[in-house]
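[1] Coordinates for the following, if possible.
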Amino acid sequence: MNGMYYFIDHKKKQIHQRQFAGDRCGFLETPVEKREFTDEVEYIEQLEEKNSYEFCPYCQSAQTISS
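    Predicted coordinates for the structure are as follows:
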């Protein structure tokens, strides 16, 4: 188990990697009741395949801070 934790935005149907998620991901306007945290890889794959969820392009790796 690699300890990967995911943050799911059910409003935008996006899957974020929790340790890299940040302001650029755009989930701040998503209501708390539409947010979910999980470490179940099978669940993530099911959302992706059956429910058309997509991985967020901004948090698949560490974000660089630019000013």
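[2] going forward, measure contacts and count neighbours with C-alpha atoms only.
    Noted.
[3] Next up, the contacts around the most centrally placed residue in the chain.
    In the chain, the residue lying closest to the centroid (Cα atoms, centre = their mean) is His16, at 1.6 Å. Going by Cα atoms under 8 Å, 6 or more residues apart in numbering, His16 touches Tyr6, Phe7, Ile8, Asp9, Cys25, Phe55, Cys56, Cys59, Gln60.
[4] same thing with Met4?
    Met4 sits in contact with Gln17, Asp39, where contact means Cα under 8 Å, 6+ apart.
[5] Same check on Asp9?
    By Cα under 8 Å, 6+ apart, the neighbours of Asp9 are Ile15, His16, Phe27, Thr30, Lys34, Arg35, Glu36.
[6] pLDDT wise, what is the residue lying closest to the fifth one once chain neighbours are set aside at?
    By that I understand Lys34. Leaving out its chain neighbours, the residue that sits closest to Lys34 by Cα to Cα, 6 or more residues apart in numbering is His10, at 5.1 Å. We have a pLDDT of 98 for His10.
[7] What ranges does this protein have for its helices?
    Listed in chain order, the helices of the chain (DSSP state H) span residues 41-50.
[8] pLDDT weak spots in it?
    1-3, 62-67 (pLDDT under 70).
[9] quick one, strands of it?
    6-9, 14-17, 35-38, 54-55 (DSSP state E).
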